[in-house]
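Participant: Turn this into a structure:
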Amino acid sequence: MRVIVVGAGVVGTMHAWHAVERGHEVVQIERESEARGASLRNFGQIWVSGRAGGEELQTALRARELWESIGARVPELGFRAIGSLTPVRGDLELAVAEAAVARPDAAARGYKLVTAAEARQINPALRGAFTAALWCERDAAVEPRPAQLALKQALLASGRYTYLGGREVRDVTGEGSVRDDHGDVHTGDAVVLCPGASLSGLVRELAPDLPVRRVRLQMMQTEPLGEPLTTSVADADSFRYYPAYASEALDSLNSGQPQTPTAAAHKMQLLMVQRSDGGLTIGDTHEYEHPFAFDTLEDPYEHVAAVVESFLGRPLPKIRRRWAGVYAQCTDKSRVVHREQVRDGVWLVTGPGGRGMTCSPAIAETTANELGW
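Facilitator: Next up, the predicted model:
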């Protein structure tokens, strides 16, 4: 079989990976020379802990297995089974963590409530003041910026993979074929469109009522910390944004301990991961109203920096870079992804939202299974 994959973000690249793994020939087409969207502008977290139960959790757990196996074959991904800690302060935040540990699927997520002293044994960089922490053993991380390049090199080594960058697909010309903006027609047995957050143009023509929205976020990265941050770190505001933490305890937290005005205005949580060079990737915000702003705002950065410093008990290293990213999210947030056949032999896969990096290997595996690859 010959498979045409349009889009070289992590979702598209994982579709190419599964097709090649199953012995098929793949042509992957990307409008930029290399991917530049949300697949690079994220934390690189394989985030099992906050996922909703049922299909979403099972998808994340399967993806976690796949990331580990792929990471063993492609060390440049920087796969690390580091887990995550969410330090909590006060009774309201602690109650949410306790409710999470009491979930029937807590063991599958690797949940454990640890004391502050135990948290510091797991992650000695957390020298600030907190009451306890939610430890999630199943969380992991990869390096998002080099990941697509590393996967591409591994695919090229198969001899069954062709990469065409700097080409935008403009038209579906028939069953299993597309035309790019160079006028070249690429024909296969199946076409999988993985446009990420680029939902205009051809995508709008093929799926005018696409149940997917775009979300913008702000993030930053520091100079090297100078010591290991041995886990990912989140704050209790993350409880408010991830479905796994829904409970009466969370309702009490929301009513009894509102977010700060800045965090509420920008729908903020702290997520933090250390990169392979020692720097910290820190965020984030959520913006839903279109058109998105073209600039980044300083107040959210100041807020999240203060939260990080309160956990670390020390000043942050110098900020090296700041950026904004946009990802695509199903309007029904209970759906893992939007997968739709839009023409004979042509499928559209988009909308995983903030789950894209986590779930992409399992999303692509499901596509391959459903299409009979």
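Participant: Give me the pLDDT for the nearest residue to Gly23 once chain neighbours are set aside.
Facilitator: Counting by CB to CB, 6 or more residues apart in numbering, Gly23 lies nearest to Arg160, which is 7.6 Å off, once chain neighbours are set aside. Any C-beta I mention is one placed from the backbone N, CA and C, and that applies to glycine too. With respect to pLDDT, Arg160 scores 98.
Participant: Near Arg160, how many other residues are there?
Facilitator: Using other CB atoms under 10 Å, Arg160 has 17 neighbouring residues.
Participant: Quick check: the gap between it and Gly166.
Facilitator: Distance of Arg160 to Gly166, given as CB to CB, to the nearest Å: 22 Å.
Participant: got it, and Val233?
Facilitator: From Val233 to Gly166 the distance is 38 Å (CB to CB).
Participant: ditto for Arg314
Facilitator: Distance, Arg314 to Gly166, using CB to CB: 44 Å.
Participant: Buried residues, stretch 239-258. List them.
Facilitator: 239-242, 244-247, 249-250, 253 (16 or more other CB atoms under 10 Å).
Participant: give the contact list for Gly201.
Facilitator: Going by CB atoms under 8 Å, 6 or more residues apart in numbering, Gly201 touches Arg170.
Participant: In terms of pLDDT, where does it sit?
Facilitator: For Gly201, the predicted pLDDT is 94.
Participant: returning to that earlier point: can I get the buried residues of stretch 239-258 in JSON lines with pLDDT and distance to Val26?
Facilitator: Formatted as JSON lines, these follow (pLDDT from 0 to 100; distance: CB to CB, whole Å):
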{"residue": "Phe239", "pLDDT": "98", "distance to Val26": "40"}
{"residue": "Arg240", "pLDDT": "97", "distance to Val26": "40"}
{"residue": "Tyr241", "pLDDT": "93", "distance to Val26": "35"}
{"residue": "Tyr242", "pLDDT": "93", "distance to Val26": "34"}
{"residue": "Ala244", "pLDDT": "95", "distance to Val26": "35"}
{"residue": "Tyr245", "pLDDT": "97", "distance to Val26": "39"}
{"residue": "Ala246", "pLDDT": "96", "distance to Val26": "40"}
{"residue": "Ser247", "pLDDT": "97", "distance to Val26": "44"}
{"residue": "Ala249", "pLDDT": "98", "distance to Val26": "47"}
{"residue": "Leu250", "pLDDT": "98", "distance to Val26": "43"}
{"residue": "Leu253", "pLDDT": "98", "distance to Val26": "47"}
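Participant: With that, I have no additional questions.
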